[in-house]
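Colleague: Quick check, what structure comes out for this input:
(one chain, ligands or ions: 1)
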Amino acid sequence: MTSKSIPIVGVICDRDIIGPHPFHIAGDKYLQAILGGSKCQPVLIPALANDLQIEQLIELVDGVLLTGGYSMVNPLHYQDEPAHPDTKLDVERDNSSLLLIKAAIEKGVPLLGICRGFQEMNVAFGGSLHQNLHHVGQFIEHREDKDLPLEQQYSESHTIKITEHGLLHTILNEKSIDVNSLHTQGVNELGDGLTVEAVAEDGLVEAFSVNSANSFAMAVQWHPEWQYKNNQHSIKIFTEFGKACANRQKVKQHNG
Ligand SMILES: N[C@@H](CCC(=O)NCCCC(=O)O)C(=O)O
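Modeller: Predicted coordinates for the structure are as follows:
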């Protein structure tokens, strides 16, 4: 029985230790949102960094998803003070994502960044992060309360104002929406060639797009993958990303 092939989306893994061993892992909710929301086949990309055959890999996928993650982007990537020794880092994830972002933009592969992925994309374009938003003194609380049940951790936490006539505005057709918020870090300096698509009520950048991209290239600080089926805005984001991936697949099939 022949079935129509669906676009393939590469999902970056975290490298984390389980028991005595390192593993490459990705959150199920991201894979479900790609499968059901974007109608694409998710495949995991291990955080093998410079051992990844990026040029070969980027041709195999029709889109790239950079997921959230509890580890922090190493501040050495944006020339800031070294992270506090207790900070959970993931050097291999950093180095893998930065290579993937470059390759996806160069090759016109649709790219969606979520939370940590949003922060990685900002850094990849020369931007910087506040390592601890709650220490800066001008921002509302953007962290989740990890002592609460997950439903409450991922519940809507603040409003974002959407840039009129931008990509996100075109996708959502909304001037503002409420979003969840589960992040310690956030955009300090916006990277070169990025356009702000939304800001929080405290002025923190919450979404941006990539000016030079030949395809969908957007990143959001919140978590649209969380229970995406129950959120019309999330459905629209994953649907739009999926359409871009399907278009990439069609162009590749046409070009043979
Ligand atoms: N570690 C960064 C990014 C926060 C983030 O991605 N949180 C979600 C982790 C769990 C999930 O994938 O839902 C920061 O704290 O700023």
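Colleague: what does the protein put close to the ligand?
Modeller: Residues of the chain found near the ligand (Cβ under 6 Å from any ligand atom) are 27, 67-72, 115-116, 182-185, 223. All C-beta spots, glycine's among them, are computed from the backbone N, C-alpha and C.
Colleague: What ranges does the stretch 151-256 of the chain have for its helices?
Modeller: Applying DSSP state H, counting those that start in this stretch to the stretch 151-256 of the chain gives helices spanning 167-172, 232-255.
Colleague: Residue 7: which of the ones you listed is closest?
Modeller: Nearest of those to residue 7, taken as Cβ to Cβ: helix 232-255 at 3.9 Å.
Colleague: what comes up buried for the closest one?
Modeller: 233-238, 240-242, 244-249 (16 or more other Cβ atoms under 10 Å).
Colleague: Likewise for stretch 89-98?
Modeller: 90, 92-98.
Colleague: quick one: contacts of that stretch?
Modeller: Stretch 89-98 is touched from outside by 12-16, 45-50, 52, 66, 69, 71-74, 77, 83, 117, 120, 123-124, with contacts defined as Cβ atoms under 8 Å, 6 or more residues apart in numbering.
Colleague: and if you look at stretch 36-46?
Modeller: Taking Cβ under 8 Å, 6+ apart as the rule, stretch 36-46 contacts 6-13, 15, 24, 26, 30-31, 34-35, 52, 57, 61-65, 96, 100, 225, 228-229, 234-235, 237-239, 241-242, 245-246.
Colleague: Quick one: buried ones out of those residues?
Modeller: Judged by 16+ other Cβ under 10 Å, buried ones among the contacts of stretch 36-46: 6-13, 15, 24, 26, 30-31, 34-35, 52, 57, 61-65, 96, 100, 225, 228, 234-235, 237-238, 241-242, 245-246.
Colleague: on that earlier part again, can you go through the residues of the chain next to the ligand and name the buried ones?
Modeller: Buried members of the residues of the chain next to the ligand, scored by 16+ other Cβ under 10 Å, are 27, 67-69, 71-72, 115-116, 182-185, 223.
Colleague: Adding pLDDT and distance to residue 198, write those residues out as TSV.
Modeller: Converted to TSV, those look like this (pLDDT from 0 to 100; distance: Cβ to Cβ, whole Å):
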residue	pLDDT	distance to residue 198
27	98	23
67	99	19
68	98	17
69	98	21
71	98	24
72	98	22
115	98	14
116	98	18
182	98	16
183	98	14
184	98	19
185	98	17
223	99	14
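Colleague: out of these, who's nearest residue 171?
Modeller: Closest to residue 171, out of all of those and judged by Cβ to Cβ, is residue 223, at 16.5 Å.
Colleague: Pretty sure that closest one sits against residue 116.
Modeller: No - contact criterion Cβ atoms under 8 Å: residue 223 and residue 116 do not qualify, at 10.5 Å.
Colleague: what residues do these two have in common as contacts?
Modeller: By Cβ under 8 Å, 6+ apart, the residues touching both residue 223 and residue 116 are residue 68.
Colleague: And residue 112, which helix or strand is it part of?
Modeller: strand 111-114 (DSSP states H and E).
Colleague: how about the helices of the stretch 151-256 of the chain, which one is nearest residue 198?
Modeller: Between residue 198 and the helices of the stretch 151-256 of the chain, the shortest gap by Cβ to Cβ is with helix 167-172, which sits at 5.7 Å.
Colleague: What lies in contact with that closest one?
Modeller: The contact list for helix 167-172 (Cβ under 8 Å, 6+ apart) reads 162-163, 175, 195, 197-198, 207, 209, 218, 220, 233, 236-237, 240.
Colleague: Among the contacts of stretch 89-98, name the ones in strands.
Modeller: Counting by DSSP state E, the contacts of stretch 89-98 place 12, 14-16, 45, 66 in strands.
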